[in-house]
Structures are given as C-alpha cells and as structure tokens.
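Visitor: Model the structure of this input:
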Amino acid sequence: MKKYFIYFLFLIYSNVLLSWPGGGSGETNDPYLIWDKYDLENLNDSLEYYVNYGSGWSYNKHFRLMVSIDNVNKMIAGDVFSGYFHGNGKKITVELENILGCALFVALDYGGIIDSLTVDGYINVLPGSVMGSTVAGGAGITTGISLNGGAIIHCVNNVIINLAFADQQILGGIVSDNYSNGTISQCINNVDISGIDVIGGIAGRNIGGTITNCINTGKITATNSGSNLAGTGVYTGGIGGVVGEFLNNGQILNCVNLGTIIGQRNVGGIVGYSWGSPYNTVEITNCINYGFVKGLYQVGGIVGIMSITNVTNCVNAGVVEGEEDTGSIVGKE
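Guide: You can find the predicted model right below:
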C-alpha cells in the first residue's frame, strides 16, 4: 500500500509540472512561459526533482521569458539544462549569494540553448563555497557547456562576479568553460572581471569549442596569470579579452576586444594561452584587438603565447606593453 501511495504522489507532482504555472506545454510552438522569479524557481525545482530519476526533464523543452525579472536570488542549479531557454530580449537581474557555483545556470548539456538574454546584477561566492574546492568557476550565464554540446546565442553579460577565495579561478563573462561541441555566438560582455588566473571576457577556458562574433568591452585583470604548474616551470593558464586559456582544438572567429587586459604571463588581447594538440590545430581567425594589453612575459596583441595554433587575418590596433616575449600579434610562439 505504501509504495502505491508514493507512486500516487509522484503522479500528482508530475501532473503539476505538466501544467506549468505560467502557461504553455513546453513544445516549440507552445513554450513554458516564465513571468516571474517563482517560475524560474519552478524550473530549478523541476530540474532538481527529475535528476534523481536519471531523466533529462528539460531535454527538448522550450521556455520563454515573457518579462524582465528583478531580484532573482536563486540560481538554476537543480541539474544541467538541456532545453531551449528563449530570453526573448528580456533581462534577468540576479542577486546571488550562493555556495554551489557562480552563474545563473549551472551548466548546459545535450544541446541546451540559451538565446537573446541579458543578465544583470551581481554574484558573490563566499569562502568555503563549492564544497571546499580550491578551484572556482564564475560567469554571468553558465559555468560550463559540456562535452555533449550546447549553445549561448545573442546574450549579454552585465553581472559583476565576486570570488572571495580559490587557488585558481576560471572566470568568463559568458561562460567559465566551453568544451567540445559547445558554441558561443554573438554575445557581449560589458563588465570588468578580476581574479587570479584563467580569465577571459567571453570564456575563461575554451577546450575544443567554437566562439564566433563576440565582443568584450570590460577590463580584464589577473593577479597571477600564467601560473607555474605545480612548481615545474611550465606556465599554463592566461588572460585574454575573449578567452584566457584555449586548449586542444576549436575556433575563435570574428571576435573583438575593446577592453584593457592586464596580467603577468600569457596575456593577450584575444587569447592569453593557446595550445593545440598534435592532431588538432587551434584556429583564431578574423579577430581584432583595440584594447590596451599589459603584462610581464608572453604578451601579445592577439595571443600571449601559442603552439600548434593558426592565427589568420587578425589585427591588433591596441598598445601592447611587456618586458619579455612581447609582440603586436603574438608574444611567444
């Protein structure tokens, strides 16, 4: 009898979700409608509930933001998002003091898409967050686009990100990590970002993903970019107007940096540290830097330091200052 009662409660909860409070059925031509922060919380709760059953509840479901929403104090962190979130040209203003991550969405997976959304406000991650981890990820839209793919399109970040801890930080205006099959297109970061290392105006780290037609206007500052990896003398990481660290393969196309970029090692107007693999070449094409770029070592108007990387048809129109391995286009190859 008890198991039937639990199953009955499950059916009730499922039916509540199927009749979305804001209206809509989640289909392409009839998306779930989001009218206030409680609808956003309902999205979070639904993701959180269904992850326990191993199902991607949001997969292929459509959500549409109907009005701009202020004072959002809960991130959408129940599970990775694999649906289609139509920002509809509206804005979400966040006031997040969270201990699980640092973005509006925790992650995109299995083709999840966010488009035409502006995010404003602030995100604070306090000491002891991320379950005691010493590596913190922060971004305005999502902490990561996974290996299974996803996309962020026509989005604008105006969120101020404050991280009060971590030995290393991976910070980006739009996303912390963009993995293979992930796409960031026609996005803009307008805020200043400061941290320790691995910082980019659009993505902190790009590992095989594609970034196209994006613009950074914010000042990007690092206190220890190009960290000495475990004391080995290998200086990885970096800071860039578009991407801090670019690894393995992928593309950055038609991107522009307008902001000032200041770091120590591996400092670039577009990318700080770019390292392809023996079988895959990293591509940086048709990009322009107008910003002031300043560092100590491996400083470039387009790329600070690179290997197995093609830089094609890129222009630097900004001032570049460094002490060693400094170049108008590439600092060190």
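
Visitor: rest of the way, CA atoms for contacts and neighbours
Guide: Fine.

Visitor: gap between residue 272 and residue 206?
Guide: When distance is defined by C-alpha to C-alpha, to the nearest Å, residue 272 is 11 Å away from residue 206.

Visitor: contacts for the one helix or strand residue 71 maps to?
Guide: Assigned by DSSP states H and E, residue 71 belongs to strand 69-72. Residues from elsewhere that reach strand 69-72, judged by C-alpha atoms under 8 Å, 6 or more residues apart in numbering: 35-37, 91-96.

Visitor: Restricting to C-alpha, output stretch 70-84 in CSV.
Guide: C-alpha atoms of stretch 70-84 as CSV (Å, rounded to 0.1, in the frame of the first residue of the first chain):
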residue,chain,number,x,y,z
ASP,A,70,14.5,41.5,-10.9
ASN,A,71,15.8,40.3,-7.6
VAL,A,72,16.5,36.7,-8.6
ASN,A,73,18.3,35.2,-5.7
LYS,A,74,18.4,31.5,-6.6
MET,A,75,20.5,30.1,-9.4
ILE,A,76,19.0,27.5,-11.8
ALA,A,77,21.1,24.7,-10.3
GLY,A,78,18.9,21.7,-10.0
ASP,A,79,20.7,19.9,-12.8
VAL,A,80,22.3,20.7,-16.2
PHE,A,81,19.9,22.4,-18.6
SER,A,82,19.3,20.7,-21.9
GLY,A,83,16.2,22.6,-23.2
TYR,A,84,15.8,25.8,-25.1
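
Visitor: can you give me the strands in the stretch 51-200 of the chain?
Guide: For the stretch 51-200 of the chain, applying DSSP state E, counting those that start in this stretch gives strands covering 62-65, 69-72, 84-98, 112-125, 135-139, 142-145, 150-153, 156-163, 168-172, 175-179, 182-185, 188-189, 193-195, 199-200.

Visitor: Compute the number of surrounding residues for the closest residue to residue 194 other than its chain neighbours.
Guide: In this structure, residue 194 finds its nearest non-sequential neighbour in residue 221, 4.6 Å apart by C-alpha to C-alpha, 6 or more residues apart in numbering. Residues within reach of residue 221, counting by other C-alpha atoms under 10 Å, total 25.

Visitor: wait, residue 221 sits on residue 263?
Guide: Yes: with contacts counted by C-alpha atoms under 8 Å, residue 221 reaches residue 263, the gap being 5.9 Å.

Visitor: still on that earlier bit, mind picking the lowest-pLDDT entry from the contacts of strand 69-72?
Guide: When these are compared by pLDDT, residue 96 scores lowest at 81.

Visitor: I'd say it and residue 122 touch.
Guide: Yes: in this structure, residue 96 is within contact of residue 122 by C-alpha under 8 Å, at 6.5 Å.

Visitor: If you count surrounding residues, which of residue 272 and residue 206 has more?
Guide: The neighbour comparison of residue 272 against residue 206 (other C-alpha under 10 Å) goes to residue 272, with 38 against 32.

Visitor: still on that earlier bit, okay, and the common contacts of residue 221 and residue 263?
Guide: Common neighbours of residue 221 and residue 263, using C-alpha under 8 Å, 6+ apart, are residue 239.

Visitor: what residue ranges in this protein score low on pLDDT?
Guide: The chain contains residues with pLDDT under 70 at 1-19, 50-55, 78, 98-102, 125-137, 163-168, 228-234.

Visitor: middle-most residue in it, spatially?
Guide: The chain has residue 175 as the residue nearest its centroid, 0.2 Å off, counting by C-alpha atoms, centre = their mean.

Visitor: what separates that residue from residue 36, distance-wise?
Guide: 24 Å.

Visitor: Within the sheet, what are the partner strands of the strand or helix carrying residue 267, with directions?
Guide: Per DSSP H and E, residue 267 falls inside strand 265-268. Applying DSSP bridges to the sheet, strand 265-268 is found paired with strand 239-240 (parallel), strand 297-300 (parallel).

Visitor: part of a strand, is the residue nearest to residue 194?
Guide: Yes: assessed by DSSP: H, G, I helix; E, B strand; the rest coil, residue 221 belongs to a strand.

Visitor: do you know how far it is from residue 268?
Guide: Per C-alpha to C-alpha, residue 221 is found 11 Å from residue 268.

Visitor: Now for these two: what residues contact both?
Guide: Jointly contacting residue 221 and residue 268 under the rule C-alpha under 8 Å, 6+ apart are 239, 261.
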